[in-house]
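>>> need coordinates for the below:
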Amino acid sequence: MPKGVTLVDENLNVRLHGDAAVLSGRSWNKESGQGKKPPEGRNVFTEVWLKRDGRWKVMHLHFSPFADTHR
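Now for the predicted structure:
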């Protein structure tokens with residue numbers, strides 16, 4: 001992430017299936033000095049992780065724009 005930017009995850013859901021895990025949720029970038037300004041560039045994401053040789057490795061990552069119509 002660029003300096004002064006933090007990734008924020010919301011509604012994180014983790015499902016474990018043995019040596020596989022599926023994560024999903026929403027994310028957005030928070031810039032320093034943003035205050036209470038609503039986030040821009042929100043995304044929904046899905047990640048697929050597999051445990052190999054005792055280490056978790058991401059195998060698939062998908063992001064799509066999220067239009068929040070309930071604001």
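>>> which other helices and strands does the host helix or strand of Trp49 contact?
Here Trp49, judged by DSSP states H and E, is contained in strand 43-52. Contacts defined by 3 or more CB pairs under 8 Å, 6 or more residues apart in numbering; DSSP states H and E place strand 43-52 against strand 20-31, strand 55-65. C-betas here are computed from N, CA, C, even on glycine.
>>> how about those in TSV, adding mean neighbour count?
Formatted as TSV, the helices and strands packed on strand 43-52 follow (neighbours: other CB atoms under 10 Å):
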stretch	mean neighbour count
strand 20-31	15
strand 55-65	10
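>>> among those strands, show the one with the smallest mean pLDDT.
Mean pLDDT across the helices and strands packed on strand 43-52 is lowest at strand 20-31; the value there is a mean of 88.
>>> roughly how far does Arg52 sit from Leu61?
Separation of Arg52 from Leu61 (CB to CB, to the nearest Å): 16 Å.
>>> what sits against Val48?
20-22, 58-61 (CB atoms under 8 Å, 6 or more residues apart in numbering).
>>> tell me the spacing between it and Trp56.
11 Å.
>>> which residues do those two both contact?
Joint contacts of Val48 and Trp56 (CB under 8 Å, 6+ apart) are Ala21.
>>> appreciated, that's everything.
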